[in-house]
Each structure stands twice: as structure tokens, then as C-alpha cells.
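# the following comprises the amino acid sequence and a computationally predicted model.
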Amino acid sequence: MTPKEEMQIINKVLNGGTNAFEALVIEHQSKVFSLALRMVKNREDAEDLAQEAFIRAYNALPGFKGQSSFYSWLYRLTTNICIDFLRSSKNKSTISLTLSDDERENEVYDIPDERFNPENEAVRAELRELIGEGLEKLSPEYREILLLRETGGLSYTEISKQLNISEGTVKSRIFRARQKLILFLSENGNISDFISS
């Protein structure tokens with residue numbers, strides 16, 4: 001689906017054709033779910049978060065200005081929902097593990113949950129914040145293409161089709177966008193700390 005076709009669907013939805021939104025869901029649901037799954041590492045949570053992303057996208061559609069593609073807008077929204085979910089989950093300090101065998105009844109053990117280790121989470125949160133600032137400093141074309149590649153997980157070919165530009169242009173823009181982001185990170189924080197964590 002081209003950006004032009006997506007805008008036609010969005011206009012239909014905004015003019016009362018609510019059922020038209022289903023075409024956007026069908027077009028992007030597997031990619032949104034994949035993104036959520038990569039971020040939260042749990043299929044059930046990813047399904048819930050993907051569904052929430054489409055509900056929020058539908059409700060926020062009047063605010064979509066078309067400055068970036070619907071695709072990258074939806075992925076930014078999904079990413080933010082997943083980050084909020086991970087933040088709210090970081091208070092969980094243990095995971096319950098149930099063991100059973102023939103001699104004993106089920107025994108429940110609470111084991112430390114290192115996924116939300118405060119020290120690791122603080123470093124990740126700092127990096128997320130810094131990357132967010134860096135992305136905001138990029139021009140819209142660099143920001144969009146980097147989000148499509150890094151957050152959306154699209155191939156060069158898929159980005160080329162999505163943005164209607166050559167694969168060579170995709171590669172060079174991604175290269176330049178990464179350079180600019182790395183430069184920002186190195187000027188505004190100790191990037192080696194982030195890379196080693």
C-alpha cells in the first residue's frame with residue numbers, strides 16, 4: 001500500500017467511514033505485533049500492546065498531519081506504548097516458578113527477575129532518552145528512514161517501496177542518519193558505557 005493510498009483511507013475514516021480503518025490494520029498488524037514482541041519478549045503482552053496501538057492510532061487519527069508516513073507514525077506510537085509498558089513492569093522484582101514431581105506437590109519459588117534490575121534499567125532509560133533526543137535533532141527524512149529500519153525492522157527493499165526512493169538512496173540516508181545519531185550520542189554522553197551495557 002502506498003502512502004497516497006493510506007492517506008485516502010485516513011481521509012475516509014476521518015469523514016465517517018470508520019470501517020475503512022480495517023485496511024490499515026490488515027496492512028500493518030504483523031509488523032506492529034513483531035515490533036511489540038521484539039520489545040517486550042512476551043507473545044501475550046505483545047498481542048495486547050499491538051491491539052492497544054491500533055486503538056490509540058484510530059483515536060489519534062485526527063492529529064495525524066501526514067508529515068511522515070502513517071507507517072512510521074504508527075511505529076513511533078507502538079514503540080512508546082511498549083516503553084510505557086516496560087516502565088510500568090519494572091517494579092516486578094521476582095518471577096514465580098512452579099515445580100512439580102511425583103514425590104511432592106507443586107512448589108512455587110520466587111526467583112529474582114533481572115530483566116528489571118534498577119541499575120540496568122537506569123542505563124537503558126538514559127540511553128532511550130538520549131536516542132529520543134538525537135532522533136528529534138535529525139531532519140524528518142533521516143528520522144523517518146531510521147525508524148523504519150531500526151524500529152520497524154524493514155529491509156532496504158521494503159523501505160524503498162514505502163518511501164518511493166531507490167535502494168541506493170535508502171542505504172545512503174540510513175548511513176548518514178546513523179552517523180549523525182552516533183555523533184550526537186558521543187557528544188552528549190559516554191557512548192562506550194551504552195555499548196558495553
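Thanks, I have it. Numbering: from 1, shown residues only.
# and the biggest helix by length in the chain, which residues are buried?
Ranked by residue count and defined by DSSP state H, the top helix of the chain is helix 167-188. Neighbour counts using 16 or more other CB atoms under 10 Å place 170, 173, 174, 176, 177, 180, 181, 184, 185 of helix 167-188 among the buried residues. From N, CA and C alone the C-beta is placed, and that goes for glycine too.
# can you list contacts of that helix?
130-131, 133-135, 137-138, 141-143, 145-146, 149, 156-157, 159-160, 163, 191, 194 (CB atoms under 8 Å, 6 or more residues apart in numbering).
# now, of those residues, which are buried?
The buried subset of those (16+ other CB under 10 Å) comprises 130-131, 134-135, 138, 142-143, 145-146, 149, 159-160, 163, 191.
# among these, which are in helices?
Among the buried ones among the contacts of helix 167-188, the members falling in helices are 130, 131, 134, 135, 142, 143, 145, 146, 159, 160, 163, 191 (criterion: DSSP H).
# quick one: list the elements packing against the host helix or strand of residue 10.
Here residue 10 is covered by helix 3-14, with elements defined by DSSP states H and E. In terms of contacts (3 or more CB pairs under 8 Å, 6 or more residues apart in numbering; DSSP states H and E), helix 3-14 is packed against helix 21-40, helix 70-89.
# now with 10 Å, please.
The helices and strands touching helix 3-14, judged by 3 or more CB pairs under 10 Å, 6 or more residues apart in numbering; DSSP states H and E, are helix 21-40, helix 70-89, helix 156-163.
# what's the last one in contact with?
Contacts of helix 156-163 from elsewhere in the structure, counted by CB atoms under 10 Å, 6 or more residues apart in numbering, are 1-3, 6, 31, 68-69, 71-72, 141, 144-145, 148-149, 152, 154-155, 165-171, 173-174.
# ok, now which ones touch the most centrally placed residue in the chain?
Geometric centre of the chain, nearest residue: residue 79, 2.9 Å, by CA atoms, centre = their mean. By CB under 10 Å, 6+ apart, the contact set of residue 79 is 35, 36, 39, 53, 128, 132, 147, 151, 152.
# so how far is stretch 56-74 off the chain centroid?
On the basis of CA atoms, centre = their mean, to the nearest Å, stretch 56-74 sits 14 Å off its chain's mean C-alpha point.
# brilliant, that's me finished.
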